[in-house]
Each structure stands twice: as structure tokens, then as C-alpha cells.
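> Task: produce atomic coordinates for the following.
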Amino acid sequence: MKNKFYAYIQNLQDQICKGLEETDGKAFFKEDLWTRPEGGGGRTRVIENGAVFEKGGVNISAVHGKLPDTMQKLFNVGEADFFACGLSLVIHPKNPLVPTVHANWRYFEMYDEKGNVMNSWFGGGQDLTPYYLFEEDATHFHQTCKTACDKHDASFYPKFKKQCDAYFWNTHRNEARGIGGLFFDYCKETETFSMENWYDLVTEVGNSFLKAYIPIVEKRKDLTYTNEQRNWQEIRRGRYVEFNLVHDKGTLFGLKTNGRIESILMSLPPQVQWVYNYQPKEGSEEQKLLRVLEKPVEWV
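Predicted coordinates:
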């Protein structure tokens, strides 16, 4: 399974980078291959200063070795070996009317002393963070997520949507990071759902990513915007940074397994502001977004 899924994310990285480059029309991804001293490595691809995308990364990695002490405590296990691979992406557009997007699909194995697989699971998801709310964009994104899930189990979309709303929540701000999508973790084999079934679902969601995001970008990328709207985008990006540095499990896992810091922090936008106690005007489009972020919405 680990070889099969790693081959899948290598191919998916190529497809997603190609789709994003075609949409940008100017910039190309730069590739950076790296190795982890304890075992494994990855392929980081970053796009910067494009016509559409100000900064973005589409990264894959496959790391293995001894499970660090901090992770042993997290999983409540003793000494063990592990393997983890995944694709993680974050795209920050230049135009504040185009939303930021994040996605991640991953697979994890843990081994006993004899090298047998002791535990394995899938995780991942995709979510949208707009700076200005276009309800039809939110509906399109969620409908694409739902369509992918419904092919496997009608209960998955509402469950994973709810988990996404709960996960991407800035508790210290008491607001959502964005308008959600899907989030699933520790997806293990059961009597009714095998690891092959989980592989089929996760790859279905991965394959839906470009369909979920690119049509929104194409619709909004050429809209004119003001300096004030750009200002608001940078203030909201600050909240994005706060979530990634304070709450995000992927960032934490990368730091605790001696991951490559440049790849871990590629999710951070290049231009950000923290303005003291900034409050948008009453009745403004900026305030409309904040109202939606106070409580999750059923978009489909």
C-alpha cells in the first residue's frame, strides 16, 4: 500500500502543478529535492510571483525511521518504526477576490519489532479560505467534495465536512479559518471498509482537487481590486499564519520528526499584516465574511 500510494501522489503532484501553471500563465514551479538524515526525503515544488499565484507550494514526501519520543507519546506506543508519505499544498493568489486553498492527502504505517505492519491509516482533506465571500464559489467547492465522497459512502461528506469545520477553527480567535471542505484522519480498516476502499476514496478526493479549485480561480482572477481589498487580504492572511503555527497537526508532525523546515513553512504567505484590533466597517463585504466565519454554513 505504501508503494502504491507514494506512486499515486508523485503523479498527482505532476498533474496539480501542471494545472496551476496553465492557470497562472506566467510562473512555473521550481523543484527542490531533499533528503532526511534519519530516512526518506521529498520533492518540494514552489511557485512565486506569478500572474495569478503570489506564492504556492505543492510538496510530496516519504519519511521513515524510528518514531520520535514526542510521537510515541502522541500515539501512546513504545518504541516503533514508522513510514509516512503524503502530498501537501497551499496556494496563495495575488488577487484578494481569489481564495487561498489548502489540501493534503497522507498515509501512515507503524511497525512492530519484527517489521510487521502494526497499524496503518489514511488522512487528508481540502479546504478553501476566501477573503471575500462569493457564495456560488463556496457551493461549487463543497459540491465537488460531496460528489467525490458520495461515490463511496453517502455518510462521508457530512461527517468529513463537520470534522473540517471543527479542525480548521482558530480557537484563540473563536472563528473559522475559512469556509471548510473535507477533513479526515486515522482512517483505518474495518469489517466493512478495507484499506483498498480507503485508498479509492482518498485518491478520488485527490483527483477532484483541480475540479474544485481551478474554476473558481478562472472566474475571479481577472477581477479588479482596490488597495483596501488587498490590505484586508493581508490582515486575513495573518489569521491563516496563526492557525498554521499554533494549531496545525501537519506543521507539528513535521517539526517533531525533524522535517525540512523550508518545506514545512512553505504554507506561509509572503505578504501579511497584523493590525491591532482591526474591525471592518459595519455592513461591509469584509464584515459579511466574518459573520460567516462565526458559525459553519451548510453550503450544499
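> so Asn244 makes contact with Leu268?
Yes. When contacts are counted by CB atoms under 8 Å, Asn244 is listed as touching Leu268 (6.7 Å). C-beta coordinates here come from the backbone N, C-alpha and C atoms, glycine included.
> Report the secondary structure state of the residue lying closest to Asp32 once chain neighbours are set aside.
The spatially closest residue to Asp32, leaving aside those adjacent along the chain, is Thr44, at 4.3 Å (CB to CB, 6 or more residues apart in numbering). Assigned with DSSP: H, G, I helix; E, B strand; the rest coil, Thr44 falls in the strand class.
> And Thr44, what's its pLDDT?
Looking at Thr44, its pLDDT stands at 95.
> Spell out which residues sit in contact with it, please.
Under the criterion of CB atoms under 8 Å, 6 or more residues apart in numbering, the contact partners of Thr44 comprise 31-34, 57, 59, 260, 262-263, 266.
> Once you drop chain neighbours, what's closest to Glu48?
If you skip the residues right next to it in sequence, Glu48 has Lys55 as its closest partner in space, 5.2 Å away by CB to CB, 6+ apart.
> For Tyr276, pull up the helix or strand it's in.
Here Tyr276 is covered by no helix or strand, with elements defined by DSSP states H and E.
> how many other residues sit next to Cys145?
By other CB atoms under 10 Å, 29 other residues sit near Cys145.
> just checking, it touches Lys211?
No. Proximity of Cys145 to Lys211 does not meet the contact threshold set by CB under 8 Å, at 10.0 Å.
> ok, of the contacts of Thr44, which come out buried?
32, 57, 59, 260, 263, 266 (16 or more other CB atoms under 10 Å).
> for those, which one is nearest Glu136?
Among these, Gly57 lies closest to Glu136 (CB to CB), at 27.6 Å.
> Could you pull up the residues touching that closest one?
For Gly57, the contact set (CB under 8 Å, 6+ apart) comprises 44-47, 88-90, 263, 266-267.
> In strands, which of those fall?
Counted as lying in strands by DSSP state E, out of the contacts of Gly57, are 44-47, 88-90.
> Please identify which pair of those lies farthest apart.
Across the ones in strands among the contacts of Gly57, the longest distance by CB to CB is 14.5 Å; it joins Ile47 and Ser88.
> before we move on, back to that, wait, which of the buried ones among the contacts of Thr44 is closest to Glu204?
Compare each of the buried ones among the contacts of Thr44 with Glu204 using CB to CB and the shortest gap goes to Asn59, at 21.2 Å.
> And the strands in this protein, which stretches?
30-35, 40-48, 53-66, 81-93, 100-111, 117-129, 169-170, 175-176, 180-187.
> Throw those into CSV and include distance to Leu12, thanks.
Conversion of the strands of the chain to CSV gives the following (distance: least, CB to CB, whole Å):
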stretch, distance to Leu12
strand 30-35, 15
strand 40-48, 12
strand 53-66, 8
strand 81-93, 6
strand 100-111, 8
strand 117-129, 11
strand 169-170, 27
strand 175-176, 27
strand 180-187, 16
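> re earlier: now the buried ones among the contacts of Thr44 as CSV including distance to Gln72?
Converted to CSV, the buried ones among the contacts of Thr44 look like this (distance: CB to CB, whole Å):
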residue, distance to Gln72
Asp32, 30
Gly57, 29
Asn59, 25
Arg260, 22
Ser263, 23
Met266, 27
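> what's the closest of these to Gln13?
Within the set of these, Asn59 lies nearest Gln13; the separation is 7.9 Å, counting by CB to CB.
> Tell me if I'm right that that closest one and Met266 touch.
Yes. Assessed by CB under 8 Å, Asn59 is found in contact with Met266 at 6.5 Å.
> measure Ser208 to Asp24 for me?
According to CB to CB, to the nearest Å, Ser208 and Asp24 sit 21 Å apart.
> Tyr186 now?
Counting by CB to CB - Tyr186 and Asp24 are separated by 35 Å.
> Comparing the two, which residue is more hemmed in?
Under the neighbour definition other CB under 10 Å, Tyr186 and Asp24 were set side by side, and Asp24 has more, 21 against 9.
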